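> Sharing a sequence plus its predicted fold:
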Amino acid sequence: MNYLAVFLCADGGIIRNDETGEVMNMEVGDLDTQQQAIVEACTKFDCEHLRNGVIRKRSGAGGFLIVDAQEFVEV
């Protein structure tokens, strides 16, 4: 399954492109489980996992939500 990191602002809201309204994201990779995707994303982005697929760089600075391609469509 392909996993993506959705950008989150400090208050937990999803960040969208100002011009297009599209959800800002980066590809994590094609992995077997969400847990593997979380570990990969934490390594790539130098983050820590909080819970439920939410990772952050430092307190109060926003972070990412790790979702699979199907979940991304719903975002």
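That came in fine, so what should we check first? Residues are numbered from 1 along each chain as shown.

> can you tell me which residues contact residue 55?
Contacts for residue 55 (Cβ atoms under 8 Å, 6 or more residues apart in numbering) come out as 5, 38, 41, 42, 45, 47, 48, 49, 63, 64, 66. The C-beta positions use only the backbone N, C-alpha and C, and glycine is treated the same way.

> Quick check: phi and psi on the third one?
Backbone torsions of residue 41, given as degrees, to the nearest 10, read phi -60, psi -40.

> what is residue 55 paired to in the beta sheet?
Partner residues in beta bridges with residue 55, using DSSP bridges, are residue 49, residue 64.

> What remains of the contacts of residue 55 if I keep only buried residues?
Neighbour-count burial (16 or more other Cβ atoms under 10 Å) applied to these gives 5, 38, 41, 42, 45, 47, 49, 63, 64, 66.

> Need the residues you listed in TSV (columns: pLDDT and distance to residue 11).
Shown next, in TSV, are the buried ones among the contacts of residue 55 (pLDDT from 0 to 100; distance: Cβ to Cβ, whole Å):
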residue	pLDDT	distance to residue 11
5	97	18
38	96	21
41	96	20
42	94	21
45	89	19
47	89	18
49	94	19
63	92	11
64	95	14
66	97	19
